[in-house]
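Novice: Build me a structure from this.
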Amino acid sequence: IYGLEVLQKDIQDASHNTTRFLVLSKDQSIPDFTRGVRYITSFIFEVRNIPAALYKALGGFATNAVQMTKLESYVDQHFNVARFYADVEGHPDMRSLQLALEELNFFAKNVFMLGTYPAHPFRDQQAR
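Specialist: Coordinates of the predicted model:
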C-alpha cells in the first residue's frame, strides 16, 4: 500500500491482520474536517477507581453513535490502574465525538489525544 519493501510475506497468524505506522511529533497537527472523509481519532485514558468505571467512561460513545474500532487495556505492575488505548471513528470537530469525549473526560482521568487522521480506504472495503 505504501510502497515499502516487503522483507517477509505472510508471517501473520490471521489473514486480516494489518500493520499501522505512526508518525510522532511534538506539535499537534489535526487535519481540517472535510465532509465525506472518514476519520479515526486515537487516544489513551485511565478509568477512575469507581464501580462500573469503564462502562460509564465509554457510555458517551454509545449514546452519541460514535463507533469504537479498537479498545486495548493495560494495567500497571500492581494491577491497580487500568489504562486504555482506543480508536474511534470521527473527527474532533464533529459534535457527536465532542459530546462523547466530554463524557469520557467526566468519568475518566488522564485523557490524552494521540491524533486524528483520515481512515484508509481499506476500512471502507472491509465494511462492505
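
Novice: for this protein, what are the low-confidence residue spans?
Specialist: 1, 21, 123-128 (pLDDT under 70).

Novice: Let's see that with 90 instead.
Specialist: Applying pLDDT under 90 to the chain flags residues 1-30, 36, 47-51, 53, 74-82, 120-128.

Novice: spatially speaking, which residue is in the middle of it?
Specialist: With distances taken as C-alpha atoms, centre = their mean, Asp87 lies nearest the centre of the chain, 1.3 Å away.

Novice: Need the contact partners of the helix or strand that that residue is a member of.
Specialist: If you go by DSSP states H and E, Asp87 is part of strand 82-89. Here strand 82-89 makes contact (C-beta atoms under 8 Å, 6 or more residues apart in numbering) with 38-47, 53-54, 61, 66-76, 97, 100, 110, 119. C-betas here are computed from N, CA, C, even on glycine.

Novice: So which of those sit within helices?
Specialist: Ala53, Leu54, Phe61, Leu97, Ala100 (DSSP state H).
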